[in-house]
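>>> Have a look; sequence and predicted model below, questions after that.
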Amino acid sequence: MQHPPSPPPPPVGTHAHGARSYVREYELRLVTGYTLIGVMSTFQLANFAAVVVAAETQGPFGLLRGMAWAPYAPAWADAIGVLTLVAVPPLVCVFLVWLLNLWPAPNLLPPWTTPEHLRAARVLHRHGRLGGDPRTAMVARSLSEALLVHADLITPRFRFAFTAVTIACSAFMVAVGLYLTVRYLGQDDLNGLASGASALALFVGFLCLVPLPIATRSRARRYRDLYDAAHRGPLRRGAPR
């Protein structure tokens, strides 16, 4: 494949600063995503543990029935259920937005890329035009390659099968979450309601996200073809590759 010519060099002194600013923001976004996953997992594990502990203070086995704090365990379980119910669905929404705005690793983009370059490059992708800044256009071209590097290795048949399985599994989990939500809502079980609502929010979000990668790859492929077509003439005249 022919590579387009390199853009004009950035102004003196901006190369290292731009690279550092992109790396910093990229790492901050990764930390944000992992923190969201950790917080959601902690809430769910605490909710499950509260149910188990409360059951063991009152259930048929009663392994914890003799503890001094046993009478308070159901109230604590309800409190944790309320916290999980209030906190996890909004966190799921934030996590899905984070997934939508994942940035490519710094090594997949030109070394002088800044966060502003990437944001402008995404605008070029959405509108399907080259723009007037050659550096931004080059970042958009590299972004296209980053988005397509794995997609081009997968056959369309396998991609279709993977998408179908993802939709089927997500739909099944939506049904489970809906069942748990309705069941525990009728029983006033806050812990079960929190689990059902969290699963429902997460997998409904996944179902809504399924078409987006298809549209993203289509825009990336269209921009890559547009950019390469625009630079095909200079390449034939001996411009650097």
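Yep, it's here.

>>> before we move on, which element is residue 131 in?
In this assignment (DSSP states H and E), residue 131 forms part of neither any helix nor any strand.

>>> Got the phi and psi for it?
Backbone geometry at residue 131, expressed as degrees, to the nearest 10, gives phi 80, psi 180.

>>> my guess is it meets residue 124, correct?
Yes - using CB atoms under 8 Å, residue 131 is in contact with residue 124, at 5.0 Å. For glycine as for every other residue, the C-beta is placed from the backbone atoms N, C-alpha and C.

>>> Between these two, which contacts overlap?
Listed as contacting both residue 131 and residue 124 by CB atoms under 8 Å, 6 or more residues apart in numbering are 137, 140.

>>> neighbour-wise, which of those two wins?
Under the criterion of other CB atoms under 10 Å, the comparison of residue 131 against residue 124 puts residue 124 first, with 23 against 14.

>>> how about that one, what does it touch?
Taking CB under 8 Å, 6+ apart, one finds 130, 131, 136, 137, 140, 223 in contact with residue 124.

>>> ditto for residue 131
Contacts of residue 131 (CB under 8 Å, 6+ apart): 120, 124, 137, 140.

>>> Which pLDDT value goes with it?
At residue 131, the model reports a pLDDT of 83.

>>> So for the longest helix anywhere in the chain, mean pLDDT?
The single longest helix within the chain, with elements called by DSSP state H, is helix 14-58. Averaged across helix 14-58, the pLDDT comes to 84.

>>> likewise stretch 87-105?
The average pLDDT for stretch 87-105 rounds to 89.

>>> Verify the stated contact: residue 146 with residue 104.
Yes - with contact defined as CB under 8 Å, residue 146 counts as touching residue 104 (4.0 Å).

>>> so how far is residue 220 from the nearest residue to residue 140 once chain neighbours are set aside?
In this structure, residue 140 finds its nearest non-sequential neighbour in residue 121, 3.7 Å apart by CB to CB, 6 or more residues apart in numbering. Look at residue 121 and residue 220: by CB to CB, to the nearest Å, they are 11 Å apart.

>>> Which one of the contacts of residue 124 is nearest to residue 177?
Of all the contacts of residue 124, residue 223 has the smallest distance to residue 177: 37.2 Å, by CB to CB.

>>> Any idea how many residues pack against the closest one?
Residue 223 has 24 neighbouring residues, counting by other CB under 10 Å.

>>> need the contact list for it.
124, 125, 128, 140, 141, 144 are the contacts of residue 223 under CB under 8 Å, 6+ apart.

>>> try 10 Å
The contact partners of residue 223, by CB atoms under 10 Å, 6 or more residues apart in numbering, come to 121, 124-130, 137, 140-141, 143-144, 147.

>>> Residue 206 now?
92, 96, 99, 166, 167, 169, 170, 171, 173, 174.

>>> Centre of the chain to stretch 177-185, how far?
A distance of 26 Å separates the centroid of the chain from that of stretch 177-185, by CA atoms, centre = their mean, to the nearest Å.

>>> and what of stretch 51-61?
Counting by CA atoms, centre = their mean, stretch 51-61 comes out at 37 Å from the chain centroid.

>>> in it, what's buried?
By 16 or more other CB atoms under 10 Å, the buried positions in stretch 51-61 come out as 51, 53, 54, 55, 56, 57.

>>> Quick check: closest non-adjacent residue to the most centrally placed residue in the chain.
In the chain, the centroid-proximal residue (CA atoms, centre = their mean) is residue 99; its distance is 1.5 Å. Closest residue to residue 99 apart from its sequence neighbours, by CB to CB, 6+ apart: residue 209 at 6.7 Å.

>>> rewinding a little: identify the contacts common to residue 121 and residue 220.
140, 141, 143, 144.

>>> thinking the third one is in contact with residue 121, fair?
Yes - under the criterion of CB atoms under 10 Å, residue 143 lies in contact with residue 121, with a separation of 5.1 Å.
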